[in-house]
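Asks: Model the structure of this input:
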Amino acid sequence: MGTPHNEAPQGAFAKTVLMPGDPLRAKFIAETFLEEARLVNNVRGIQGYTGSYRGTPVSVMASGMGMPSIGIYSYELFHFYDVDNIIRIGSAGAVSPKLKLRDVVMAQGACTDSRYAHQYGLSGTFAPIADFTLLETAVAVARRLGVEPPVGNLVSSDVFYKEKGGGLDWARMGVLAVEMEAAALYCNAAEAGKRALAMCTISDSLVTKEELSPAERQTSFRQMMEIALETAVEMARKG
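Replies: Predicted coordinates:
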């Protein structure tokens, strides 16, 4: 059984799926890190692969850009493919002066300017947060690999080209960085009773105006990918 957006058969995805935004990054992860990786989905070019990493089944599939896109793909993985954990691995722009380029940020929560949670008909404001077990595991893995990840709020924005502010106004509330997917992913995980975590490499700073070159991004993102893969292994051990 497939969906309008996913041609993979039942059982094609591992319990943990890594979700970069870019399909080519999904391909890079599969070819670089996974053993016996096979393409299980390529509808609309949103490449999804399943293989193994250090003996643990792991899948990687692109999310596309923005909350509507990751909202569709993560919903289907949680509800139709029995996926338990989704780890978003993407880029973010720093709005906090405390962050440096290449930092790997763990999103404990995701503020947003989106009305994505409006669909649930709640009487108040839902707070999209990471699963604690997944977050705790990822932080422990990062430290074991010699990385001290900043942990805190991101802001998931519906708008990339902002006319005013650019997201810096969120910094006075302690928000670390801006990206475009985490809040929808966290909402979907909460509704499905599953686990989600967004970790993002700081690729540019709205404070200092610095940004990584494409070559520097590749190196920095590789570190984030290794943290996510090792987290998948640890989650499999925990059951």
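Asks: Quick check: the gap between the residue nearest the centre of the chain and Met67.
Replies: Nearest residue to the geometric centre of the chain (Cα atoms, centre = their mean): Arg88, 1.2 Å. As judged by Cβ to Cβ, to the nearest Å, Arg88 and Met67 stand 11 Å apart. Every residue, glycine included, has its C-beta placed from N, CA and C.
Asks: anything in contact with each of the two?
Replies: Taking Cβ atoms under 8 Å, 6 or more residues apart in numbering as the contact rule, Arg88 and Met67 both touch Glu181.
Asks: can you map out the helices along this protein?
Replies: For the chain, the helices defined by DSSP state H cover 23-33, 67-80, 132-144, 182-192, 214-238.
Asks: which stretches of the chain have low pLDDT?
Replies: 1, 7, 163-166, 218-219 (pLDDT under 70).
Asks: before we move on, the earlier item: comparing the helices of the chain, which comes out most buried?
Replies: Of all the helices of the chain, helix 182-192 has the most neighbours on average by mean count of other Cβ atoms under 10 Å, namely a mean of 25.
Asks: Run a quick check on Ser74 versus Ile86, I expect a contact.
Replies: Yes. At 5.5 Å, Ser74 and Ile86 qualify as touching, with contact defined as Cβ atoms under 8 Å.
Asks: shared neighbours, the two?
Replies: With Cβ under 8 Å, 6+ apart, Ser74 and Ile86 have common neighbours 19, 185, 189, 196.
Asks: The nearest residue to the residue nearest to the centre of the chain once chain neighbours are set aside: neighbour count?
Replies: Take Arg88 and drop its neighbours on the chain: the residue closest to it by Cβ to Cβ, 6 or more residues apart in numbering is Ala198, 4.0 Å away. The number of residues packed near Ala198 is 29, by other Cβ atoms under 10 Å.
Asks: And the one 3 residues further on, by the same measure?
Replies: Burial of Thr201, expressed as a neighbour count using other Cβ under 10 Å, amounts to 24.
Asks: Let me see the contact set for Ala8.
Replies: Listed by Cβ under 8 Å, 6+ apart, the contact set of Ala8 reads 2, 40-41, 48, 81.
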